[in-house]
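**Student:** Sequence and predicted model, in that order:
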Amino acid sequence: MPFSADAWARNEAAYETIRTMPFNAELADGRLSRERFVHYIVQDAHYLIGFGRALALAAAKARDPDRIVHFARAAESAIVVERSLHGSFFEEWGIDAKAFAAIPVQPSAHHYVSYLTATAFAEPYEVVLAALLPCFWIYAEVGRDIHQRAGADNPYRAWIDTYAGEEFHAAVARMIAATDEAAAQASPALLARMHEAYTAATRLEYLFWDGAWRLERWPV
Ligand SMILES: Cc1ncc(CO)c(N)n1
C-alpha cells in the first residue's frame, strides 16, 4: 500500500473529527461568527509564512531537480496565492498590516508553525514531506466536503472555493505523489518516523481549528 493510503487510513478517525467539528459545521452553513473567522484567518496568515518556509526547506532537501522546482513553487503559492485570499478578507474588515502584526500568534498556531519549521530544519526530506502532507490533504477534503453543503450566499465563499478548487486539488495530488515517491525508498525505521510526523501534523490541524473556535489566547 502506498504511504499516503496507509497514513490516511490510520488517521481517518481524526479526519472525521476535524470534518465534523463545530468550526467546520458552522463554516459550511454560514453561521460561523465573524469574530471566529477573523481569529482563524489572522492566525492562518501567520501560519502560512511558516508553512511556506517549511516548503522552501523541502525544496532545498530534494534531490531531484523537478522536486526542487515543485516545492519552490509550492512555497511561492503558499505565501503569494493564499495571501491574496487572506488579504481580501483583511481588506473587507479593515485589518491593515500594522493591525495584523500586532495580533500575536496564538498557542495552537505557534505550536503548529514551530513543529513544521523544526521538522523542516532538523528532519530528513521524507519526514518533512510526511509532516507537510496533512496540511494539504485535510484542507482539500474539508474544502470539498464544505463546498457540497454550503449555500451560494455563504459569507466565507472565497475560502470554500479556494480549498475546494481544482488548483488546490492539483497541488494536493502532486504532494501525495512526492510523498509516496519518497516513502518508496524509505527504510522501515524512516517510514515509522514518516507516520509519526503525519499523525502529529493531523493533530495540529485539529488544534488549529479548535483554537479558532475557542478564540484561543495566551493565558499570560
Ligand atoms: C492551518 C492550515 N493548514 C493547512 C492549510 C492549507 O494550506 C492552511 N491554509 N492552514
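**Tutor:** Structure's in. What do you need?
**Student:** Next SSE downstream of the lowest-mean-pLDDT helix or strand in the chain?
**Tutor:** Counting by mean pLDDT, DSSP states H and E, the weakest-scoring helix or strand in the chain turns out to be helix 97-102, with a mean of 89. On the C-terminal side of helix 97-102, the closest following helix or strand by DSSP states H and E is helix 107-122.
**Student:** Mind giving me the packing neighbours of that following helix?
**Tutor:** Where contact means 3 or more Cβ pairs under 8 Å, 6 or more residues apart in numbering; DSSP states H and E, helix 107-122 is packed against helix 34-61, helix 125-149, helix 188-213. C-beta here means a position set from N, CA and C on the backbone, and glycine is covered the same way.
**Student:** Just confirm yes or no for the second one near the ligand.
**Tutor:** Yes: under the criterion of Cβ under 6 Å from any ligand atom, the ligand is reached by helix 125-149 at 135, 139.
**Student:** elements contacting the following helix or strand past that helix?
**Tutor:** Following helix 125-149 in sequence order, the next helix or strand is helix 157-164 (DSSP H and E). Helices and strands touching helix 157-164, by 3+ Cβ pairs under 8 Å, 6+ apart, are helix 65-93, helix 125-149.
**Student:** Just say which of the helices and strands packed on helix 107-122 is most tucked in.
**Tutor:** With neighbours taken as mean count of other Cβ atoms under 10 Å, those reach their highest mean count in helix 125-149, at a mean of 22.
**Student:** Off-centre distance for that helix?
**Tutor:** Offset of helix 125-149 from its chain centre (Cα atoms, centre = their mean, to the nearest Å): 6 Å.
**Student:** which stretch among the helices and strands packed on helix 157-164 comes nearest Ala54?
**Tutor:** helix 125-149 (6.1 Å; Cβ to Cβ).
**Student:** what's the angle between that closest one and helix 107-122?
**Tutor:** Using axes from the mean of the first three to the mean of the last three Cα atoms, to 10 degrees, the direction of helix 125-149 lies 140 degrees away from that of helix 107-122.
**Student:** Make residue 1 into 23 and carry on from there
**Tutor:** New numbering, starting at 23: the last item is helix 147-171.
**Student:** Show me what helix 147-171 packs onto, helices and strands only.
**Tutor:** helix 25-32, helix 34-42, helix 44-51, helix 56-83, helix 129-144, helix 179-186, helix 188-206, helix 210-235.
**Student:** Format those as JSON lines; extra columns: distance to Val102.
**Tutor:** Compiled in JSON lines, the helices and strands packed on helix 147-171 are given as follows (distance: least, Cβ to Cβ, whole Å):
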{"stretch": "helix 25-32", "distance to Val102": "26"}
{"stretch": "helix 34-42", "distance to Val102": "26"}
{"stretch": "helix 44-51", "distance to Val102": "24"}
{"stretch": "helix 56-83", "distance to Val102": "9"}
{"stretch": "helix 129-144", "distance to Val102": "18"}
{"stretch": "helix 179-186", "distance to Val102": "13"}
{"stretch": "helix 188-206", "distance to Val102": "13"}
{"stretch": "helix 210-235", "distance to Val102": "21"}
